[in-house]
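In: just need the structure, nothing else, for what follows:
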Amino acid sequence: MTMYMYVALGGAVGACLRFFITTKADLWFGKGLPFGTLAVNVIGSFLLGLLYMCLQDAYAESPYRALLGIGVLGAFTTFSTFSLDTVLMIQHGEWFKALANVGLNVVVCVMAAGLAVFLVKG
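Out: Below is the predicted model of the structure:
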């Protein structure tokens, strides 16, 4: 139960950080492109990679993973998890899986969002 509390606390922090950064990015760069989303995806991917490398030996069982990796960065951006998963596949020489992961996540997720818009708009 303690791990769930870490995730919940981190999630609240991550969601607030995401809102703060996307709001600031919109003010600084305008809304011509989703720069706020790009910013949180890049920052989150970097931080999750850093966290993973720092806690690599104890990553799976660490309360820091629950608080920071799953909670803060999970609420901040799930793209960081996608990015790290892809990098780990490449490191293990699983290039086909890495390319499939990128292709499927990008294409299928964009199609799912498009389908949802189509279903609602008719």
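In: how far away from the center of its chain is the lowest-mean-pLDDT helix or strand in the chain?
Out: Ranked by mean pLDDT, DSSP states H and E, the weakest helix or strand in the chain is helix 63-64, scoring a mean of 83. Offset of helix 63-64 from its chain centre (CA atoms, centre = their mean, to the nearest Å): 17 Å.
In: so what touches that helix?
Out: 2-3, 6, 51, 55 (CB atoms under 8 Å, 6 or more residues apart in numbering). Placement of C-beta: from N, CA and C, glycine included.
In: nearest to V117 among those?
Out: L51 (34.3 Å; CB to CB).
In: just give me the neighbour total for that closest one.
Out: For L51, the count of nearby residues is 20 (other CB atoms under 10 Å).
In: in this structure it contacts R65, no?
Out: Yes - when contacts are counted by CB atoms under 8 Å, L51 is listed as touching R65 (7.5 Å).
In: give the contact list for D85.
Out: Counted by CB under 8 Å, 6+ apart, D85 has contacts N101.
In: over to G30?
Out: Contacts of G30 by CB under 8 Å, 6+ apart: none found.
In: retrieve the pLDDT associated with it.
Out: pLDDT recorded at G30 is 89.
In: distance of it relative to G36?
Out: 11 Å (CB to CB, to the nearest Å).
In: could you do A8 as well?
Out: Applying CB to CB to A8 and G36 gives a distance of 24 Å.
In: looking at those two, which one has more neighbours?
Out: G36 (21 against 14).
In: please identify which helix or strand holds that one.
Out: Counting by DSSP states H and E, the element that carries G36 is helix 35-54.
In: re the thing from before, who touches both of L51 and R65?
Out: The contact lists of L51 and R65 share no entry, where a contact means CB under 8 Å, 6+ apart.
In: and the helix holding G36, what's buried?
Out: Neighbour counts over helix 35-54 (16 or more other CB atoms under 10 Å) mark 35-36, 39-41, 43-45, 47-48, 51-52 as buried.
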